[in-house]
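Participant: coords please:
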Amino acid sequence: MSTPEEEHPIDPPPAAAAVTDDDDDDDDGASVALSVSDYYSDAPLVPEPSYPPLPASFDSTILVMNLPAVDAGKFDKLKRVVHRIFSKVGTIPDGENGIKMPTGPEGRSLGFAFCEYAAPGDASNAVQAVDDYPMDKNHRLRVMPYADARRLRDVDVSAYKPPPPEAAPTPVDTTAWLRDNCQRDMFVIREGKNTVIHWNDPVKAGSGQGACSEVDYDGSREKAQGVNWCDYYVAWSPKGSYLATMHAKGVRLWGGAEYESIGRFLAEGVEDVTFSPCERYVMTNNFRPDDPAAVKIFDVASRKLLKSFGLYPPNFTTEEAPMEEGDEPVKRPPPKFAFSHDDKYVARMGQDLISIYELPSLKLLDKRSVSAEGVAEFQWSPGANVIAYWAPEVRNSPAHVDLIEVPSRKFLRQKNLFHVSKCSMAWQSRGEYLGVKVLRHTKSKKTLFNNFELFRLNDPGIPVEMLEVKDAVMNFAWEPAGHRFAMIHAENPSSTKVSVSFYDMVKSVDKKNKKGRVIGTTVKRELTHTETLDGKQVTQLFWSPAGRHIIMAGLGDNASGTLEFYDVVEKTLAVKEHYRATEVLWDPSGRTAVTTVAQLIGGSYYKFQMDNGYMLWSFQGRQLHQQSYEDFYQFQWRPRESLLSREEEAGVVAHLKKYEKQFDAEDKRRAKSKYIEETRGKRIQRQNFRDRVAQLRDFRARQKENRVELLGGYDSEDENNYEVSTVTNETVLNVKEEIM
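Facilitator: Predicted coordinates for the structure are as follows:
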């Protein structure tokens, strides 16, 4: 900075000689005397300092609000955190000094800060990227340009008048279908370009109209607008509240009595939709390995994207070692995300770990994954926040199945397994039991055999029972909400004739008195083999959701389409057939099952296209309805949440006769209504005939006088003008003689 003297130089003082009046002639002895005041300038002193130019606008500055208010001890730490968040968006020239956090009189921060970027574009990006960012559980950052904050400063608050509150939009009633008077189930089909939702009514079966004759919605509203209601597959939510339709640009949700549009979720190229069990979240997947946002998780209520993930987790090995030397490596499918039963967590398997994320923040639980070396598969329990996973043998460590409690990460149970080739796990629908099918080999690896490890989750210590099976096991299935399970096994996996065995995890023992009468029943928790059915041509097992009934089906191109409906209590069997059936599905009530022959959407010509369609069956094996389509892609029952506990369901069964009267009365009422509806045309014709006859009789009665006059006073309708005689004719038809 220049000094005043440099900007305004002082003129040199005039030459002043002090001449003495000395009469001496000594001229060279003259001298000059100067003082400090002689150097002062007479010019006015007007300093004009030069400062750096001030910015005319604050386009590079943002205001950050909703920060935690902290004491002086945590002030620097909070400042570093804020700097780390906002420096990822753009360049802050002064580093942490570019973050200004005002404080109060006691040195406590006031909950907001100013951040200055190097360029206005960085500030604009920060507003878009960081606004509404969840800094922690209690603070979501709000970010706005500083210029907007300055304008708000000049707003006259006293002149503000709040607008009248808007009427709250009427929420869509997603449970309207549950109030059907007849408690009917629903299903949706995809055929051709059509998506149609039907009511299923077994009472109408066999009437000629078919069980699916009542269409609830067929996309007519969308057809009138010239658009397709669905372009790909559809998916119901777990409780049946929403129907998701897949399109090229994403997913749409529909619900309510009129199937109104509830929300749209942008997910280009989506091929799969998965709902969380409580229907709070929806996940989409396009199965593109090169897409860093292949998997997206949305909040259903707010329709906001919570987070996106790649198809494979980081450092995930996409190929697994072959079971035998010389074989080619096996391509590993992308690990899927799985929701916990209460929507609190979502997890995915990684390389030697399981990543568990909290919902809705989708932050890694405790900021670290669960270490699980060699993990090959994991599953959530359907009834508790428990994860089960198995890992193969690694070096000198045996294979093992582990049960982990979440969020405590406590190991509830571990079962070591030796000489394991492969495992597969299956939970009972309520999470009471876990079955692990273990494929083992001998030391030479030339012989394979099976055994089952059965975990009892509700018993103290979670005991494990082992069931050894010498045959090859092709299928295994738990009875929903029950204690039984069934398996398909044979000596040779390629056998056409197989056996189906049934087991029970509890054993009922009758208590008898001294006279041998049953006075009660004791239930023991031990594995019991109940029966085996031999010589079956089946490949898969399908338990009814109500339990007790099971369909043993032979599905696939090489199977005959055999359907065996079996009652495990009454031991009754009904054998039916649906040629080339590809799928068996039970309705939620367990009253009706469907078998389908379907083709893939977008695939090449389906060689069994002539067989496309579906058949509806009663749980006893009676065919209710059959429908064929040229192009048939999908059939899905609408799920229904079970609100009764096991004890309440047992109470309903115990008092079933009381409800039978109500059901019979309702069936009679519906049958009568149906008969009245079907005979309405005949009744109208009959009434018209009767009216015509009455009209003619009245006309004849009015002509009676003229008719009698024309007949000369004779009334042909008067019975007194007639004589009545009775004639009896006897005819002998047969004569039989008996000699006594």
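Participant: Next, the buried residues of the strand or helix carrying residue 707.
Facilitator: In the assignment (DSSP states H and E), residue 707 maps to helix 704-710. Across helix 704-710, burial judged by 16 or more other CB atoms under 10 Å covers no residue at all. Glycine gets a C-beta too; all of them are placed from N, C-alpha and C.
Participant: What count of nearby residues applies to residue 541?
Facilitator: Look at residue 541: counted by other CB atoms under 10 Å, it has 22 neighbours.
Participant: Also residue 214?
Facilitator: 14.
Participant: Residue 339 contacts residue 346, doesn't it?
Facilitator: Yes. Using CB atoms under 8 Å, residue 339 is in contact with residue 346, at 5.1 Å.
Participant: got any residues that touch both of the two?
Facilitator: 276, 281, 283 (CB atoms under 8 Å, 6 or more residues apart in numbering).
Participant: Just the ones of the residues you listed in strands?
Facilitator: Counting by DSSP state E, the shared contacts of residue 339 and residue 346 place 281, 283 in strands.
Participant: Out of the shared contacts of residue 339 and residue 346, which end up buried?
Facilitator: Buried, going by 16+ other CB under 10 Å: 276, 281, 283, out of the shared contacts of residue 339 and residue 346.
Participant: any chance of the residues you listed in TSV, plus distance to residue 252?
Facilitator: TSV is the format used below for those (distance: CB to CB, whole Å):
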residue	distance to residue 252
276	18
281	16
283	15
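Participant: nearest to residue 662, of those?
Facilitator: residue 276 (36.2 Å; CB to CB).
Participant: any idea where the helices of the chain begin and end?
Facilitator: For the chain, applying DSSP state H gives helices covering 4-7, 72-86, 120-130, 146-153, 220-224, 646-654, 656-678, 680-702, 704-710.
Participant: Among these, show me which one is buried the most.
Facilitator: Stretch with highest mean neighbour count among those: helix 120-130 (a mean of 17; mean count of other CB atoms under 10 Å).
Participant: helices or strands up against that one?
Facilitator: strand 61-65, helix 72-86, strand 140-145 (3 or more CB pairs under 8 Å, 6 or more residues apart in numbering; DSSP states H and E).
Participant: mind redoing it with 6 Å?
Facilitator: Using 3 or more CB pairs under 6 Å, 6 or more residues apart in numbering; DSSP states H and E, the elements in contact with helix 120-130 are strand 140-145.
Participant: Output the contacting helices and strands for the strand it packs on.
Facilitator: strand 61-65, helix 120-130.
Participant: which one of the ones you listed lies closest to residue 75?
Facilitator: Nearest of these (CB to CB): strand 61-65, 14.8 Å.
Participant: who's in contact with that closest one?
Facilitator: Outside of strand 61-65, the residues within contact range by CB atoms under 6 Å, 6 or more residues apart in numbering are 112, 113, 115, 116, 123, 126, 142, 143, 144, 145, 146, 149.
Participant: which one among these gets closest to residue 567?
Facilitator: For these, the nearest to residue 567 is residue 142 (62.9 Å; CB to CB).
Participant: is it true that the closest one touches residue 66?
Facilitator: Yes. If you go by CB atoms under 6 Å, residue 142 and residue 66 touch, sitting 4.9 Å apart.
Participant: Next one: the residue nearest the centre of the chain from residue 239, what distance?
Facilitator: Of all residues in the chain, the one closest to the mean position by CA atoms, centre = their mean is residue 275, 0.9 Å from it. Separation of residue 275 from residue 239 (CB to CB, to the nearest Å) stands at 9 Å.
Participant: cool, residue 462 as well?
Facilitator: With CB to CB as the criterion, residue 462 and residue 239 are 30 Å apart.
Participant: ok, what's across the strand from the nearest residue to residue 131 once chain neighbours are set aside?
Facilitator: Of all residues not flanking residue 131 in the chain, residue 143 sits nearest, at 4.4 Å (CB to CB, 6 or more residues apart in numbering). With DSSP bridges as the criterion, residue 143 is bridged to residue 64.
Participant: Just list the residues touching residue 143, thanks.
Facilitator: Per CB under 6 Å, 6+ apart, neighbours of residue 143: 62, 64, 127, 130, 131.
Participant: Now do residue 453: how many residues are near it, please.
Facilitator: Residue 453 has 19 neighbouring residues, counting by other CB under 10 Å.
Participant: thought it was touching residue 436?
Facilitator: Yes. Assessed by CB under 6 Å, residue 453 is found in contact with residue 436 at 4.3 Å.
Participant: now stretch 609-616: how far from the chain's centre is it?
Facilitator: The chain centroid and the centroid of stretch 609-616 are separated by 28 Å under CA atoms, centre = their mean, to the nearest Å.
Participant: Just the CA atoms of it, as CSV, please.
Facilitator: The C-alpha trace of stretch 609-616 is given here as CSV (Å, rounded to 0.1, in the frame of the first residue of the first chain):
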residue,chain,number,x,y,z
GLN,A,609,-48.3,-72.3,-28.1
MET,A,610,-51.4,-74.4,-28.8
ASP,A,611,-51.5,-75.4,-25.2
ASN,A,612,-51.3,-71.8,-23.8
GLY,A,613,-53.8,-71.1,-21.1
TYR,A,614,-54.8,-72.1,-17.6
MET,A,615,-57.0,-74.5,-15.6
LEU,A,616,-58.6,-73.8,-12.3
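Participant: In that stretch, which residues are buried?
Facilitator: Those would be 611, 612, 613, 614, 615, 616, for stretch 609-616 by 16+ other CB under 10 Å.
Participant: that older thread, remind me what the helix holding residue 707 packs against, helices and strands.
Facilitator: Using 3+ CB pairs under 6 Å, 6+ apart: helix 704-710 touches no other helix or strand.
Participant: Turn the helices and strands packed on strand 140-145 into CSV, including mean pLDDT and distance to residue 704.
Facilitator: Listed next are those as CSV, based on pLDDT from 0 to 100; distance: least, CB to CB, whole Å:
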stretch, mean pLDDT, distance to residue 704
strand 61-65, 93, 103
helix 120-130, 91, 99
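Participant: Out of these, which gets nearest to residue 229?
Facilitator: Of all these, helix 120-130 comes closest under CB to CB, at 34.3 Å.
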